[in-house]
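> Pasting the sequence and the predicted coordinates here, then a few questions.
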Amino acid sequence: MSRTFLRILGQRRQAPALTPDAPPRAELEEVLRAVAGTARGGPGPGWRVVVTTRRSAPELAAAMAGLTRVPEMHRPLPRLKGKQLRRLAAFRGTLAWASTGGLCCAVVFSPVESADVPVKEQKAAAHGIRPLLEAAFWAAGWGTRWAARDGADQEPVRAFYDLAEHEQVLGWLFVGRPPRAAAAEFTATLPPADPPVSYR
């Protein structure tokens, strides 16, 4: 058993904050290939990742706010009320969230209909890639922050990610460097937690 792998898996943690830095595409794809595992020659893994950068943050924030386009905040806004005003306020609040880190990995559940594995089991496996992604990025020196958010299934979000009818966004993993002030603590070896286990 590889002690290195166990240490990486056990030491992974959420960064306290993230800088705007982002891993190069080659490094990002190396992480994703490792998480995807071997090419088994059969159906796909039942999930996919859609990567966006900070440049796309306004579009993501607009979609999460239920808008089909980014509002022009630099111009005087017309008098709004009701749903329009609430969506504009939601856009402003969501923009900071969407701008976290240097890039964002949306984890999309994409079940394989022809697979022998039931859809419920495929979804459980798709949820399981989060800790693997966190561990892989931590081992490569990158920080992550996971977020699940209401509104992932509304039509503007589905259109933004070009989701098929059977697909669903499970959550977002933001990636960047931990701030310099927190870098030493982020990489320090911490004592392992007691496992929540019982025996019968």
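Nice, thanks for sending it over. Owing to the predicted nature of the structure, the values given are computational and were not obtained by experimental measurement. Residues are numbered from 1 along each chain as shown.
> which helices and strands does the longest helix seen in the chain pack with?
Among the segments of the chain that qualify as a helix by DSSP state H, the longest is helix 83-98. For helix 83-98, the packing partners by 3 or more Cβ pairs under 8 Å, 6 or more residues apart in numbering; DSSP states H and E come out as helix 57-64. C-betas here are computed from N, CA, C, even on glycine.
> low pLDDT regions in the chain?
1-2, 39-44, 73-85, 115 (pLDDT under 70).
> switch the cut-off to 80
1-3, 38-45, 72-90, 114-115 (pLDDT under 80).
> in the longest helix of the chain, what counts as buried?
Judged by neighbour count using 16 or more other Cβ atoms under 10 Å, the buried positions of helix 83-98 are 87, 88, 90, 91, 94, 95, 97, 98.
> In TSV, list the residues you listed along with distance to residue 27.
Below are those laid out as TSV (distance: Cβ to Cβ, whole Å):
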residue	distance to residue 27
87	36
88	37
90	33
91	32
94	28
95	27
97	24
98	22
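> Just give me the closest of those residues to residue 62.
residue 91 (5.7 Å; Cβ to Cβ).
> thinking again about what came up before, please put the alpha-carbon coordinates of the longest helix of the chain into CSV.
Output of helix 83-98 as CSV, limited to C-alpha atoms (Å, rounded to 0.1, in the frame of the first residue of the first chain):
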residue,chain,number,x,y,z
LYS,A,83,-38.2,39.9,-10.0
GLN,A,84,-35.9,42.1,-12.1
LEU,A,85,-34.5,43.9,-9.0
ARG,A,86,-34.1,40.6,-7.1
ARG,A,87,-32.2,39.0,-10.0
LEU,A,88,-29.9,42.1,-10.3
ALA,A,89,-29.2,41.9,-6.5
ALA,A,90,-28.6,38.1,-6.9
PHE,A,91,-26.1,38.8,-9.7
ARG,A,92,-24.2,41.3,-7.6
GLY,A,93,-24.0,38.8,-4.7
THR,A,94,-23.1,35.9,-6.9
LEU,A,95,-20.3,37.6,-8.8
ALA,A,96,-17.8,37.5,-6.0
TRP,A,97,-18.6,33.8,-5.5
ALA,A,98,-18.1,33.1,-9.2
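> Can you give the distance from it to the centre of its chain?
20 Å (Cα atoms, centre = their mean, to the nearest Å).
> Wasn't residue 153 part of a helix?
No - counting by DSSP: H, G, I helix; E, B strand; the rest coil, residue 153 falls outside a helix, being coil.
> And for it, nearest residue in space, chain neighbours not counted?
residue 168 (6.6 Å; Cβ to Cβ, 6 or more residues apart in numbering).
> give me every residue that touches that neighbour.
Counting by Cβ atoms under 8 Å, 6 or more residues apart in numbering, residue 168 makes contact with 108, 109, 152, 153.
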